[in-house]
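> Can you look at this prediction? I've put the sequence above it.
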Amino acid sequence: MSDVRIDDLPVRDELRGKSPYGAPQLDVPVRLNTNENPYPLPEPLVERIAERVREAARHLNRYPDRDAVELRTGLAEYLTKTAGHPVGLENVWAANGSNEVIQQLLQTFGGPGRTAIGFEPSYSMHALIARGTGTGWISGPRRDDFSIDLAAAEEAIAEHRPDVVFVTTPNNPTGNAVPPETVLALYEAAQAAKPSMVVVDEAYVEFSHGDSLLPLLEGRPHLVVSRTMSKAFGAAGLRLGYLAAHPAVVDAVQLVRLPYHLSAITQATALAALEHTGTLLKYVEQLKAERDRLVAELRALDYEVTESDANFVQFGRFADSQAAWRRILDRGVLVRDNGVPGWLRVTAGTPAENDAFLDAVREIKKEQS
Ligand code: PMP
């Protein structure tokens with residue numbers, strides 16, 4: 001049995017020789033590598049989750065609400081309150097993490113014979129989910145400072161006429177936000193070329209200096225904004241992502257969603273978290289302050305730092321980023337090597353975790369000089 005390997009199986013050609021996505025889950029004192037929120041959920045919320053889950057458990061003999069109406073209503077209220085743009089139940093869809101939202105979008109609007117474009121380096125799961133759904137992937141350009149070169153991006157869209165355009169803002173792993181005018185111009189270019197769907201991945205938007213692009217949904221039925229409870233809400237373990245879009249988009253993704261994809265336990269837990277948005281978003285302010293401190297202190301240490309609107313910071317430059325990653329790890333701090341040559345990424349943690357990280361990079365700098 002053990003001598004059979006993946007490539008001995010009749011797997012799809014495009015999966016041959018590939019490795020699964022995933023950051024190393026190493027047991028080290030300071031883990032700042034997956035852009036999680038470092039603060040555990042507050043105890044009153046833990047209690048509320050237990051209550052809601054206990055109630056849901058009484059009905060686990062039945063399938064959950066397939067349309068997650070109560071949860072989508074709650075998410076719509078959260079978006080309306082925080083993004084200054086009215087969003088209703090009919091505009092919102094939810095799934096197991098924004099990764100599943102993205103997968104459903106690509107199953108709906110991509111697929112065999114179709115293509116999607118992203119401007120790289122960016123969130124690498126966009127390309128991987130494209131591959132998993134049989135969607136062709138086009139790697140669009142970025143400038144050396146990691147901003148989107150609008151003219152080059154428009155040219156790529158006109159040339160390839162992709163079915164789906166991804167814009168990640170704030171971008172991961174670089175941290176910088178995309179100006180709203182650029183997103184609008186990309187939307188126009190995508191409509192002129194095809195027309196195609198434009199997916200704005202706002203996983204980190206709550207940490208941004210700027211505003212959500214949600215108001216751009218007005219009058220743009222081909223625009224989708226995707227969000228997650230994994231970052232600002234501090235609930236990565238919950239697996240809850242959602243999108244806001246024209247109601248027709250919400251109807252369309254239901255053509256591909258698995259029936260009852262969101263468990264009753266997930267829905268109950270997410271509803272409890274939504275009752276506590278006030279407390280959870282207080283952590284966001286602390287994390288933004290820590291993010292700004294990381295930027296300032298890294299610059300003071302003479303590192304190059306990409307402007308950050310997220311809960312992480314990209315810093316460099318290293319002649320050998322893999323070796324630098326290892327030397328930081330040797331000091332008990334796990335950061336992320338996203339494969340961007342010369343650069344590493346650190347997630348803003350608690351003040352103590354960030355101090356440990358800064359001590360580690362200070363030592364490394366000393367060794368280099
Ligand atoms: N989009 C971006 C830009 C991300 O960085 C991540 C997580 N790293 C996700 C989406 C997916 O998050 P989740 O599936 O946990 O919602």
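Perfect, I can see it now.
> Around the ligand, pick out the residues from the stretch 1-150 of the chain.
Counting by Cβ under 6 Å from any ligand atom, the positions of the stretch 1-150 of the chain adjacent to the ligand are Asn35, Gly97, Ser98, Asn99, Tyr123. Where you see a C-beta, it was placed from the backbone N, CA and C, and this is true even at glycine.
> a markdown table for these, including secondary structure?
Shown next, in a markdown table, are those (DSSP: H, G, I helix; E, B strand; the rest coil):
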| residue | secondary structure |
| --- | --- |
| Asn35 | coil |
| Gly97 | helix |
| Ser98 | helix |
| Asn99 | helix |
| Tyr123 | coil |
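> Quick check: of those residues, which has the highest neighbour count?
Highest neighbour count within those, by other Cβ atoms under 10 Å: Ser98, with 26 neighbours.
> Export the residues of the stretch 1-150 of the chain next to the ligand as TSV, with columns for pLDDT.
Putting those into TSV (pLDDT from 0 to 100) gives the following:
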residue	pLDDT
Asn35	94
Gly97	98
Ser98	98
Asn99	98
Tyr123	97
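> Determine the number of other residues adjacent to whatever residue of the stretch 251-369 of the chain ends up closest to the ligand.
Closest residue of the stretch 251-369 of the chain to the ligand, Cβ to the nearest ligand atom: Ala310 (8.4 Å). For Ala310, the count of nearby residues is 31 (other Cβ under 10 Å).
> Correct me if wrong, but it is in a strand.
No: with three-state DSSP as the criterion, Ala310 is assigned coil and is not in a strand.
> Can you mark which positions in stretch 178-186 are buried?
By neighbour count with 16 or more other Cβ atoms under 10 Å, stretch 178-186 contains the buried residues Val178, Pro180, Thr182, Val183, Ala185, Leu186.
> ok, now stretch 112-126?
Residues of stretch 112-126 classed as buried by neighbour count (16+ other Cβ under 10 Å): Arg114, Thr115, Ala116, Ile117, Gly118, Phe119, Glu120, Pro121, Ser122, Tyr123, Met125, His126.
> Serialize these to JSON lines and add fields for secondary structure.
Shown next, in JSON lines, are the buried residues of stretch 112-126 (three-state DSSP):
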{"residue": "Arg114", "secondary structure": "coil"}
{"residue": "Thr115", "secondary structure": "strand"}
{"residue": "Ala116", "secondary structure": "strand"}
{"residue": "Ile117", "secondary structure": "strand"}
{"residue": "Gly118", "secondary structure": "strand"}
{"residue": "Phe119", "secondary structure": "strand"}
{"residue": "Glu120", "secondary structure": "coil"}
{"residue": "Pro121", "secondary structure": "coil"}
{"residue": "Ser122", "secondary structure": "coil"}
{"residue": "Tyr123", "secondary structure": "coil"}
{"residue": "Met125", "secondary structure": "helix"}
{"residue": "His126", "secondary structure": "helix"}
